[in-house]
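Participant: fold the following, please.
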Amino acid sequence: MGNKKGLNYSNWSIDENLEGMKFFAEIQNEMLFHYTIDSYRAYTFNSHTLINELNDVLKEVINGFIDAKALIPIIEEINNSTKNDFVIRAILNNKSNVLSKLLETIKNLASESNRQDYYKFEKYVVELESFCSFLDYRYFAELKSQIVNIMQNPKEKDKIIQLSQYLIPELIFAGFSKEYIYSKNKDFFFGQNSINNISQIKDFIKFFENQDKYYEVSFKVNSDFCNFTDKLLEGFKIYISKECPKVNTPTWHYNEFTRLNEGYSHFLTIKEIIAKDPYSARTDGEKYLDQLFDFIRYFIHDSKCSWDNYGLCIFHEINDEENKDFFVARPSISPMLKIKDDKDTNEALMKSIRLFVHLDSTSIYRLYNSLNLHSCAISSETPENQLISLWTALETLLPPPGNSKARITHFVSTMYPILGRDYIIKLITDLIRNIYLYLEKDKVQTLFSLVETNYPELYSELQPVEKCSLLIILYNNDSNIKKEINEVIGDNVLLRNRFYAISQILKDTNSIKEKIESHNNRVKWHLQRIYRARNLITHKGEGLAYVSDLLENTHNYYHTIIDLIIKTQKEHNNQFKNIGSIFNFIKMEHELHLDSLKEKQDITKENYKKYVLGEE
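Facilitator: So this is what the prediction gives:
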């Protein structure tokens, strides 16, 4: 959840009819907030964009860059997504069966094919592209319509969440940046606008009906760029001047941008960038500068060319050069920096020391190499290089696969149990964090005093996750306590919904098992997607629009795995001598936990440690 203290509700009318729109705005803010845990971040894909991804990968299979079996997990994910996606079902109608048959045909062919048979896929490209073309306009139109309509039903929280999950990847697919979506959501709903009618959702959506614009993007650069001739610079379509490009109505941000210093003494401008929003234009401009710098460094190895990351974006409609506007776009936060560091540095370093205690020399060597690659990923300038380094850091932790096992199969089967082992604990921990974030201190004490009152003999020994688990058990089993908890949470719409959602997961063993298995599947699909992306970057030199999202997830996975290695060693008195045995032990515990959930049992005070926390 985004920090409620950072959201301005003063311009919202007190009207229960606005609750659905407030929930939508808060969900969007949370999904796009830098430090939201990956479970609640915006999806990378929706059903529509997954079908486009399948189409792209199918072409790479035909061209020989990707193995045909890579199509199978994408098709599985599409089937899972379309089953729950009421937007795409409304569009496809009777075409759903045609799509299902096409996907099944491609999946069967992928299961049986070898590289000599890949030409057989060619006839399915046209059919798949026809579905992509059919959905490219219709999906967003239907999505907008359903978002507008759902505002009239504020109690339909699950549908509002789903529509938010579909909207963000759709806007990114259209070319908008996460930073732009986040800023527009925050400015519109939590800025100076008076919010008093659900029809205002239409005004918000209009921000994303913009056509492409022409941008010229300027950066402040050092004097080393002046060593090149005007002719050479013109060849690269860049222009350097001591004068900042002029705008009609300068603002404080513009005036700050115009200030030069000893480090950055000139302005470099890149023209003719086509983009949807200033943040995207700034990113495209900097990518161009990065490519130029790589070119320069090939010929001049000690080149000191450098620039400031803020970009002045002057833009106009494609057919209207007279009416120009501008925006000073700040750089986006690196995906590698979206994990919060430990507040206690000494404790964090002690964790690192514990990581190496009692391991054999091979494991220590692999860990050092892995951590070095993680460090390289942080230091690297581009998300593509960061992803390659981080993926290699993950692979370095693994023992080699058997001769009969493909490396990606080995990788996925080893990693997903580790990433799922503490998944429920992760959700409860995040709920605790948000209880403290959203509620005043006295209200937090009121909530947890319910646990102390009902379980006085246990309370002093309980860890925070245990206290919260017992609070949820009380919520599920006592209507009076449920009412009291809802009163304490009050009008915190997102927190109230999150508490309820977790309570439904913790109702019984079947709900927990379903949640973990759903997470396991998503992780398996995403690991294979990251692997495909890594291969395309490495072997084809291709950039991917969603590489930053993949990098965020890969970095989260890496930290989850390292932290769980440390935790496992600590809980078992450093009895493991190599990383492989730690991985096997975690996998065994994960499977035993899932097996224990097969028989339906209500979650109670007596059994929650076994079923919720996965303890013996």
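Participant: ok, and what's touching stretch 139-154?
Facilitator: With contact meaning C-beta atoms under 8 Å, 6 or more residues apart in numbering, stretch 139-154 is reached by 16-21, 23-24, 46-48, 86-88, 90-91, 156, 159-160, 163, 166-167, 170, 174, 198, 201-202, 205. Backbone N, C-alpha and C define where each C-beta goes, glycine included.
Participant: average pLDDT across that stretch?
Facilitator: Across stretch 139-154, pLDDT averages out at 97.
Participant: can I get that stretch in CSV, CA atoms only?
Facilitator: What follows is stretch 139-154, C-alpha atoms only, in CSV (Å, rounded to 0.1, in the frame of the first residue of the first chain):
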residue,chain,number,x,y,z
TYR,A,139,-9.8,-4.5,-25.1
PHE,A,140,-9.0,-0.9,-24.0
ALA,A,141,-12.5,0.3,-25.1
GLU,A,142,-14.2,-2.5,-23.1
LEU,A,143,-11.9,-2.0,-20.2
LYS,A,144,-12.7,1.7,-20.0
SER,A,145,-16.4,1.0,-20.1
GLN,A,146,-16.3,-1.5,-17.3
ILE,A,147,-14.2,0.8,-15.1
VAL,A,148,-16.8,3.5,-15.5
ASN,A,149,-19.6,1.1,-14.8
ILE,A,150,-18.0,-0.5,-11.7
MET,A,151,-17.8,2.9,-10.0
GLN,A,152,-21.6,2.6,-9.5
ASN,A,153,-21.1,-0.6,-7.5
PRO,A,154,-18.5,0.3,-4.8
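Participant: and it, how far out from the chain middle?
Facilitator: Computed by C-alpha atoms, centre = their mean, to the nearest Å, the separation of stretch 139-154 from the middle of its chain amounts to 23 Å.
Participant: cool, stretch 112-119 as well?
Facilitator: Distance of stretch 112-119 from the chain centroid (C-alpha atoms, centre = their mean) equals 34 Å.
Participant: for it, buried residues please.
Facilitator: Under the neighbour-count criterion of 16 or more other C-beta atoms under 10 Å, stretch 112-119 has S113, Y118 buried.
Participant: now swap in stretch 580-599 and tell me
Facilitator: In stretch 580-599, counting by 16+ other C-beta under 10 Å, buried: G580, S581, I582, F583, I586, K587, E589, H590, H593, L594, S596, L597.
Participant: name the residues that touch that stretch?
Facilitator: Residues from elsewhere that reach stretch 580-599, judged by C-beta under 8 Å, 6+ apart: 363, 398-399, 414, 417-418, 420-421, 509-510, 512-513, 516-517, 564-565, 568-569, 572, 576, 610-611, 614.
Participant: just the strands in the stretch 301-450 of the chain please.
Facilitator: 311-317, 320-329 (DSSP state E, counting those that start in this stretch).
Participant: CSV for those, including mean pLDDT?
Facilitator: Formatted as CSV, these follow (pLDDT from 0 to 100):
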stretch, mean pLDDT
strand 311-317, 96
strand 320-329, 92
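Participant: return the most buried member of these.
Facilitator: strand 311-317 (a mean of 21; mean count of other C-beta atoms under 10 Å).
Participant: run the chain-centre distance for it.
Facilitator: Worked out by C-alpha atoms, centre = their mean, strand 311-317 lies 28 Å from the chain centre.
Participant: ok, that strand: who's next to it in the sheet?
Facilitator: strand 213-221 (antiparallel), strand 320-329 (antiparallel) (DSSP bridges).
Participant: what separates the longest one from the chain centre, distance-wise?
Facilitator: If I follow you right, that is strand 320-329. Offset of strand 320-329 from its chain centre (C-alpha atoms, centre = their mean): 31 Å.
Participant: and the contacts of it?
Facilitator: Strand 320-329 has contacts (C-beta under 8 Å, 6+ apart) with 179, 214, 247-248, 251, 253-254, 256-257, 278-279, 281-282, 310-317.
Participant: quick check: which ranges of the stretch 101-250 of the chain have low pLDDT?
Facilitator: For the stretch 101-250 of the chain, the stretches with pLDDT under 70 are 116.
Participant: for the stretch 451-600 of the chain, same thing?
Facilitator: If you take pLDDT under 70 as the line, the stretch 451-600 of the chain has these spans: 541-543.
Participant: out of the strands of the stretch 301-450 of the chain, the one nearest G6 is which?
Facilitator: Smallest distance to G6 across these (C-beta to C-beta): 20.4 Å, for strand 320-329.
Participant: chain center to stretch 266-280: distance?
Facilitator: Offset of stretch 266-280 from its chain centre (C-alpha atoms, centre = their mean): 25 Å.
Participant: actually stretch 342-351, not the one I typed
Facilitator: The answer for stretch 342-351 is 26 Å, by C-alpha atoms, centre = their mean.
Participant: same check on stretch 531-540?
Facilitator: Centroid separation for stretch 531-540 versus its chain: 20 Å, with C-alpha atoms, centre = their mean.
Participant: mind checking which of the contacts of stretch 580-599 land in helices?
Facilitator: 363, 414, 417-418, 420-421, 509-510, 512-513, 516-517, 564-565, 568-569, 610-611 (DSSP state H).
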